[in-house]
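1. need a structure here:
(2 chains)
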Amino acid sequence: MATGNGLGRRNVTRRALLRAAATAAAAMPAAAALACNSRPSAAPGSSSSSGPSEANIKLADAQELLVRIYDEPTGFDPASIFRIEAENVAVNIYSGLTTFDSKSGEPIADLAEHWEIAPDAKTFTFKLRPNAQWQSDYGRVTSADVRYSYERILNPSTRSSYRAELNNVDAIETPDDLTVVIKLKAPDVNFLYQVGNYHQGQIVKREAVEKFGDAYPRNPVGTGPYKLTSWTPNSQMVLEAHDGYFRGKPTLRKVTYRLIKDENAAEVAIRNGEVAVAMNFALNETLQRLAKDTTLVLLKSDAYANNLAVLNLDFKPFSDVRVRQAMAYAVDYASIAKRLAPLTQSPADNLIPPFMPVYTSDVPHYGYNVDKAKELLKAAGYPNGFSVKLLQGGPPDAPTQLRQSMYADAGIKLDFDIVDTAALNRRRGTGEYEIAGRLYPAVNPDTLLFGYLHPDNIVPQGLNGAKYNNATLTAKLEAARAETNVDKRKALYAEVEKIAMTDLPYLPMYTANVYWAAYPWVHGVTVNKLAEAEWYPVKIEAHG
Amino acid sequence: MKPLLRRLATVPLTTLGVVTLVFLMLRLLPGDPASFIAGENANAQAVAAIREKLGLNGPILLQYVHYVGALLRLDLGHSLLTGLPVASILKQSLPITLTLAGSSVVLSTLAIPLGCGAAWFRSHGRTALDHALTLFALGVDALPAFWVALVFVLFFSLRLGWFPISGGLVWTDLPSLSLRLAMPIVVLALAQIAALARVTRTAMIEALGEDYARTARALGTPELSLVFHHALRNAALPVLTVIGLGFGRLLAGTVLIESLFSLPGLGSRLLDGIFGRDYPVVQGAILLYASLFIAVNVLTDILYTQADPRVKLS
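-> Just a heads-up that it's a prediction; the model follows:
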């Protein structure tokens, strides 16, 4: 009888449909996922929603805010936290010994009121604020909390993703309740960045970590201005003011994050007034529409990170510096950015973004010059060009397609090796590609320069995906870390940048911008260099 | 009842097949959860630490044995990304998806009178009306759901401001729940209505052309009773098939629609799980989808025998 066969047939149909739907749906979130990974931030020239007359504004009675968040955070344990959406919430819950200036990204005081760096750049003495309180009645913050937090990251059994960030720590001493002395194995002035309010730098409370155990990531306890009071998975999250915060009671009392993944839905939600602030718009079309909407303010954080092409020096043509230079000359990044992504990208000229104090523009530049590219290729023994594969997460966007055609003009045939996010991360981590891309938002210049250029970090160990090794540059990198004099350190980094831009293991392509949208009556939102915004300075003006 | 028992006996085997296939297919995907969780700028040490923490280091066969063993104890495991029990994630998202799919099925039965109408017009020679209805159904069927969804959002949500596009779902607050779910339900039902209307029409044309219909007319049976009482019952089999099939199609549709309307249902969990290589969540969600689908199929088969006593499960 027919029913048996019918069942079988229908099953096949269902699977096919399900698969088709999943594939169709995959196309959109893939783009969104890429956008999520790109981290926005505030640069010189970044805007914040605070007007000039901020002090005089009439405050609204209800200091509560609805915010669009674009992806579901996976938890708030500093040892394992990842992705910008989670970091954005965590920065408001926790404190570090230091935190970062929202414009320059430089470390400034947080839980540590001040500090001293020994002349050998190996001993750091931090003095804690006497009035810092834990959330949820866990008492006063002491040096033991700091020591516990960092030793926890270093303990292999914690299996923290950020253990390597503190690898240089030799010993942590707590001579009294408010003093923490951290001794390093090798000198590193930039260590101040590693103890900031970000990832491994955030201080946790032992009693809370032990009490919640595996559930700690969903029950974070910090010393910051807001505590997490409710979390409905995949729907919404609520932060409420922590009145024991050491800088004083927060004006803004409550922040409710609504999860809206789709960017079009988010645009509708903010224009409908369903949310007052929307994090992270990444599509130029959306941004152009939002920019025209006079009822809204776009919060821009430009040039927060540089997008680089990573040239694998093991790929034969790339072993010749002339080929790498030809690659740089072959593409007109400025006109691509201007035509296709005027709001989200501008051409980059260095490995690190311009906001970093150690950035210099005094490096070799490679303006668009297809003839020169051809000449260099000919000189390098590739008069007919060569073929190369680009490791590409998801379908290539318009700027990448244009790049492909510009390479073709110079005789370089660029093929796409298309994979999804998980595969992209794995292969980039192990160095299985000829060209890859990398966008790494960071405030510590060493995260980028040491990461990209030091031979200890050659893939799969670290971020040196080009497999670049230049002894002269390495010596200068190490000297810069040990140099306590600001000007001398800047000079050393400038030399590092100059050598890197001469050798070109990485090609700077674009600096990326990040945008949030908000109503003008929300004052004081600034997106920082790590694409995060703190709610503490935010005030809501009375509005109709 | 024996044939029914036999039919039910195949359920566990089908389920095991689904479970095994999904388990293997997930692991064939390039890139493991650790490299996703570690993020795009992680170093080797971080990835290794996460892989160990998630228990992804053992041989696949051993992982499979552990997984099936846990399943037999009704333990679906924990999400690799959030650490939440998969059972609680599914429990939270299932009602949303069932409400969406269920309401759409109910809404889509509007197509039955539509199809009957078209067939009746045709049997009375008013082919223009029949053509109009058929063309309408064809047109609606050809519109991709994601496009309809976007148009709905732009028009009803942004232009008219009738329906919100964000916000949590509070089951006790029926008015706001209905507003929040109205658009996705209608979008899902639309394609279903078109398919169902066409099938109903075809089956009804056949039924109305049968000898018994002519006889009933000759005996003076009112048209309404003829169509809905006599002919529709005989045309019920294909209609039931399409509704049963449609439920599966709707479940698949929810994957896309939930994501467009920011609804935390089973479909968006599944999609997130696939992208994040969250094996336990994907395995759990697909197991649930498969169980639902098997259940609907068995139910449809049983309904066949009720709708038409000539059908036997054998």
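
2. separation between the nearest residue to A:Pro537 once chain neighbours are set aside and chain B?
-> Here the nearest residue to A:Pro537 in space, its sequence neighbours aside, is A:Gly524; by CB to CB, 6 or more residues apart in numbering or on different chains that works out to 4.1 Å. C-beta: built from backbone N, CA, C; applies to glycine. Note on A:Gly524: its distance to chain B, by CB to the nearest CB, to the nearest Å, is 23 Å.

3. Quick check: A:Gly524 touching A:Ile540?
-> No - with contact defined as CB atoms under 8 Å, A:Gly524 does not reach A:Ile540; the gap is 9.4 Å.

4. tell me the pLDDT at the residue nearest to A:Pro537?
-> A:Gly524 carries a pLDDT value of 95.

5. Ramachandran angles for it?
-> phi 90, psi 10 (degrees, to the nearest 10).

6. same deal with A:Glu534?
-> Torsion angles, degrees, to the nearest 10, at A:Glu534: phi -90, psi 140.

7. Near chain B, which residues of the stretch 301-450 of chain A are found?
-> For the stretch 301-450 of chain A, the contact set with chain B under CB under 8 Å from any CB of the partner chain comprises A:419-430, A:438-440.

8. Out of those, list just those in strands.
-> The strands, defined by DSSP state E, take in A:419, A:438-439 from these.

9. what's the closest non-adjacent residue to the residue of the stretch 151-300 of chain A found nearest chain B?
-> Ranked by CB to the nearest CB, the top residue of the stretch 151-300 of chain A for proximity to chain B is A:Asn234, at 3.5 Å. Nearest residue to A:Asn234, sequence neighbours excluded (CB to CB, 6+ apart): B:Pro264, at 3.5 Å.

10. go on, A:Gly367?
-> Nearest residue to A:Gly367, sequence neighbours excluded (CB to CB, 6+ apart): A:Tyr329, at 7.6 Å.

11. do the same with A:Tyr519
-> Closest residue to A:Tyr519 apart from its sequence neighbours, by CB to CB, 6+ apart: A:Ala276 at 5.1 Å.

12. Tell me, what's the model's pLDDT at the one you found?
-> For A:Ala276, the model assigns a pLDDT of 96.

13. Please report the distance of it from A:Met237.
-> As for A:Ala276, its distance to A:Met237 is 16 Å (criterion: CB to CB, to the nearest Å).

14. before we move on, the earlier item: got a list of what the residue nearest to A:Tyr519 touches?
-> Taking CB atoms under 8 Å, 6 or more residues apart in numbering or on different chains as the contact definition, A:Ala276 lies against A:65-67, A:270, A:518-519, A:521-522, A:540.

15. now B:Val282
-> Applying CB under 8 Å, 6+ apart to B:Val282 gives the contacts B:22, B:26, B:270, B:273-274.

16. That one belongs to a helix, doesn't it?
-> Yes - assessed with DSSP: H, G, I helix; E, B strand; the rest coil, B:Val282 lies in a helix.

17. Counting neighbours, what do you get for the residue lying closest to it once chain neighbours are set aside?
-> Once flanking residues are discounted, B:Val282 sits nearest to B:Gly273: 4.0 Å by CB to CB, 6+ apart. B:Gly273 sits with 25 neighbouring residues when counted by other CB atoms under 10 Å in any protein chain shown.

18. May I have the secondary structure class of B:Gly273?
-> For B:Gly273, the assignment made with three-state DSSP gives helix.

19. Give the buried residues for stretch A:410-420.
-> For stretch A:410-420, a neighbour-count test (16 or more other CB atoms under 10 Å in any protein chain shown) marks A:410-412, A:414, A:417, A:419-420 as buried.

20. Please compute how far that stretch lies from its chain's middle.
-> Centroid displacement of stretch A:410-420 relative to its chain, using CA atoms, centre = their mean, to the nearest Å, is 26 Å.

21. And for stretch A:330-340?
-> Counting by CA atoms, centre = their mean, stretch A:330-340 comes out at 24 Å from the chain centroid.

22. got a list of contacts for it?
-> Applying CB under 8 Å, 6+ apart, the external contacts of stretch A:330-340 come out as A:284, A:345-348, A:368, A:370, A:373, A:398-399, A:402-403, A:406-407, A:409-410, A:412, A:509-510.

23. Can you select the buried ones from these in ChimeraX?
-> Only the buried entries of these go into this ChimeraX selection, using 16+ other CB under 10 Å:
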select /A:345,346,347,348,368,370,373,399,402,403,406,407,410,412,509,510
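
24. quick one: low-confidence parts of the chain?
-> In the absence of a named chain, chain A is used. Residues of chain A that meet the criterion pLDDT under 70 lie in A:1-55.

25. Correction: the question concerned chain B.
-> Applying pLDDT under 70 to chain B flags residues B:1-2, B:313-314.

26. Minimum distance to chain A, which residue of it gives it?
-> Chain B approaches chain A most closely through B:Gly31 (3.0 Å), counting by CB to the nearest CB.

27. Does that residue touch A:Arg428 like I think?
-> No - here B:Gly31 does not reach A:Arg428: they are 10.3 Å apart, not a contact under CB under 8 Å.
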